[in-house]
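1. here are the coordinates; sequence isn't available:
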């Protein structure tokens, strides 16, 4: 990690030196005492960040309450997610509305996907001069978190960027190590006449986590006994188990305009390619878990007495080709065809008493579809329909309409009707644990989702209505509270979900109060989709300039809270959350105190996390048997270089 930081700093300074060398040419008048001219500084809008959908934002070095919310391992606002005790572990989902749905199947293992950067998470750049960003934050124990990137335009038409996010944190509890890495490389290119555009990226990502299965005796944790203030003294279920996921992806998206000059009517050919492979592994050397003086089989019977090593492999290839007709008055009309091929596999076929478990799932899915884009004045709309033309049942209709009244008021309406193929680990899984071998042919999930969002000068508000049919989930099968045997299920009734989220910031003098409140309600016959009714975040903070406005200070308190509910438990063998209806978690406040500062392009963050933990008692959890984080002080910075 230390070597990586040095490499990025050297690259930053070397690019900066070469940039300045070219920008500031020697002035012949310098010999007569005249000072040389300096090249003009680049404007902020010459440092662009571009998404795959070609939405453009600019590099922002300001310090706001939003930057405070985004200063975390995921580098985004995590309202609605509750992190586990150690940095780099999974998250408990408090807001079901955060879950995105796609028609094509994925590998599964959702607990490992929070930090896995997908195609839409990769950003592309266009910068006037080399741009570098360094993110650093301390962790729980013995390690650090770093995210660094550099973007360079060799010309106005060609950009390269390289980035790496790395984390190592030992954690406070036994067997809780997190060691992760996200490498990204991107290229953007367009021809001089702007007929051809290309976005390319490569990612290599890996996530290693020690899996302790949670603490065995919650009474010891909740007792407040000072002997257990050292969390490493608390007994855990698994002392040598771990999970490891890695993935590599090659992706490019390019288009070519057929007509030589752009006019009121244009015709484009488009192509998108994605090849990705993933690997998941569960390791456990010691099969029996120790609880006091007892030896228990935490995950039931096993075919092996030691050294469990379950491995799942997956690869997929995706091609999308299309033609686009663009009219300056009517918008864009696109027709496309998709080819999606996957192979999800193990190294053996299992012949069991209750049936045969095959070694693989593989298929070739072909779809055709159309897309209409309209951007005119204050209106911006996208309408997409996709339907399978091969033997699988798959369809997706997605409509999104945005109306921008002015700079302060915007309204968005979205409707999605989805017929989704199940993720692979619902249908097939193999393990050394007897009860963790299954093969199913579940029905497609049917999802209808309606969202309305308003961002106004008075408040931000959103409404979401979701209807779920043939909903897939994992649930606990064992009656013994010390055993954790789970399996996939499909709910044969309808689940209706409602959420309303409202946000408003009040400002007076140099004080501000930022509030976000989420209300959720689920209509279902059985407790399958469990969410808290209320989730809230409230920040009271003070801001001001000091030292002749050289320093901008932001300091205050943030309260996070959610009501009690049957929160999902976590299973490390499958890296999946599963439904439990035995213990409610919640109703504990989490208060943070922060002091942040900005000096030029550097933002410094200091936070006392959950500093009220000793005042409210040890009743804070992210899942049954998984305590939430204790009080600790963490600090770090985000530093931008514009060479």
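-> Alright, I've got the coordinates. All values reported here derive from a predicted model rather than from experimental measurement. Numbering: from 1, shown residues only.

2. mind listing the helices for the protein?
-> Secondary structure of the chain, counting by DSSP state H: helices at 2-23, 65-70, 218-222, 424-427, 613-616.

3. worst average pLDDT in the ones you listed?
-> Ranked by mean pLDDT, the helices of the chain end with helix 2-23 at the bottom, a mean of 40.

4. what's the neighbour count on the closest residue to residue 278 other than its chain neighbours?
-> Excluding its sequence neighbours, the residue lying closest to residue 278 (CB to CB, 6 or more residues apart in numbering) is residue 247, at 4.2 Å. Where C-beta positions appear, they are placed from N, C-alpha and C, glycine not excepted. Applying other CB atoms under 10 Å, we find 23 residues neighbouring residue 247.

5. In terms of pLDDT, where does the most centrally placed residue in the chain sit?
-> Note on the chain: the residue nearest the mean C-alpha position is residue 114, at 4.3 Å, using CA atoms, centre = their mean. Turning to residue 114, the model gives it a pLDDT of 95.

6. For it, give its distance to residue 518.
-> 19 Å (CB to CB, to the nearest Å).

7. How about the contacts made by the residue nearest to the centre of the chain?
-> 74, 81, 90, 91 (CB atoms under 8 Å, 6 or more residues apart in numbering).

8. any idea how far residue 263 is from the nearest residue to the last one once chain neighbours are set aside?
-> For residue 91, the nearest residue in space outside its immediate sequence neighbours is residue 81; the separation is 4.3 Å by CB to CB, 6+ apart. Taking CB to CB as the measure, residue 81 falls 47 Å from residue 263.

9. Equivalent analysis for residue 404, please.
-> 26 Å.

10. ok, the two, which is more surrounded?
-> When neighbours are counted by other CB under 10 Å, residue 404 comes out ahead of the other of residue 404 and residue 263, with 15 against 9.

11. Quick one: residues contacting the more buried one.
-> Counted by CB under 8 Å, 6+ apart, residue 404 has contacts 378, 380, 410.

12. swap in residue 104?
-> By CB under 8 Å, 6+ apart, the neighbours of residue 104 are 318, 340, 365, 394, 421.

13. Pipe those residues into JSON lines and attach distance to residue 133, neighbour count and pLDDT per row.
-> As requested, these are arranged in JSON lines below (distance: CB to CB, whole Å; neighbours: other CB atoms under 10 Å; pLDDT from 0 to 100):
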{"residue": "318", "distance to residue 133": "30", "neighbour count": "18", "pLDDT": "97"}
{"residue": "340", "distance to residue 133": "34", "neighbour count": "23", "pLDDT": "97"}
{"residue": "365", "distance to residue 133": "38", "neighbour count": "20", "pLDDT": "96"}
{"residue": "394", "distance to residue 133": "39", "neighbour count": "22", "pLDDT": "93"}
{"residue": "421", "distance to residue 133": "38", "neighbour count": "23", "pLDDT": "96"}
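
14. quick one on the thing from earlier: buried by neighbour count, from the contacts of residue 404: which ones?
-> Among these, those scoring as buried are 380, 410 (criterion: 16 or more other CB atoms under 10 Å).

15. And the pLDDT at the residue nearest to residue 282 when sequence neighbours are not counted?
-> With CB to CB, 6+ apart as the criterion, residue 282 has its nearest non-adjacent residue at 4.4 Å, and that residue is residue 310. Looking at residue 310, its pLDDT is 96.

16. Done for today, thanks.
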